[in-house]
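[1] model the following, please.
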Amino acid sequence: MKLWSGLVVTDPMAARDFYVSYFGSEVLFDSDWFVLLSLGGGELGFLKPDQAAQASMFRQAVTSGAWVAVDVDDVDAQYQRFRNAGVDIEVPIRDEPWGDRHFVVRDPNGIPVDVVRHG
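    Next comes the predicted model:
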């Protein structure tokens with residue numbers, strides 16, 4: 001078995017470009033209606049809404065309640081890189097009581113991306 005996730009978003013191509021550019025994700029499948037990415041053994045799909053062949057539960061874009069987490073070795077370096085690139089930081093870098101150090105940005109579809117180093 002294998003677990004992977006997908007998100008219904010308005011612009012899968014913008015998601016592809018974001019995750020490839022900022023995290024070095026590998027593109028496994030790429031079309032105008034669906035993108036499948038791989039990073040560190042995990043896979044994440046981005047599906048365009050309102051496709052005729054889709055079941056009704058896949059026709060509306062995610063607007064809240066979802067996030068993506070990306071584990072990194074050097075969260076401070078990533079934070080600086082995102083700041084230097086002019087990406088809006090939604091949650092500034094911080095240490096959590098359970099040992100994680102992280103910050104949060106949003107991808108082009110508005111999905112929160114938690115960039116984290118687990119403690």
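[2] contacts and neighbour counts: CA atoms only from here.
    Noted.
[3] what residues are bridge-paired with Asp95?
    Listed by DSSP bridges, the beta-bridge partners for Asp95 are Arg101.
[4] quick one: distance of stretch 39-53 to the chain centre.
    How far stretch 39-53 lies from its chain's middle: 11 Å, per CA atoms, centre = their mean, to the nearest Å.
[5] so which bits of it are buried?
    Buried residues in stretch 39-53, counted by 16 or more other CA atoms under 10 Å: Leu39, Glu43, Leu44, Gly45, Phe46, Leu47, Lys48, Pro49, Asp50.
[6] including secondary structure, could those go into JSON lines?
    Formatted as JSON lines, the buried residues of stretch 39-53 follow (DSSP: H, G, I helix; E, B strand; the rest coil):
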{"residue": "Leu39", "secondary structure": "strand"}
{"residue": "Glu43", "secondary structure": "strand"}
{"residue": "Leu44", "secondary structure": "strand"}
{"residue": "Gly45", "secondary structure": "strand"}
{"residue": "Phe46", "secondary structure": "strand"}
{"residue": "Leu47", "secondary structure": "strand"}
{"residue": "Lys48", "secondary structure": "coil"}
{"residue": "Pro49", "secondary structure": "coil"}
{"residue": "Asp50", "secondary structure": "coil"}
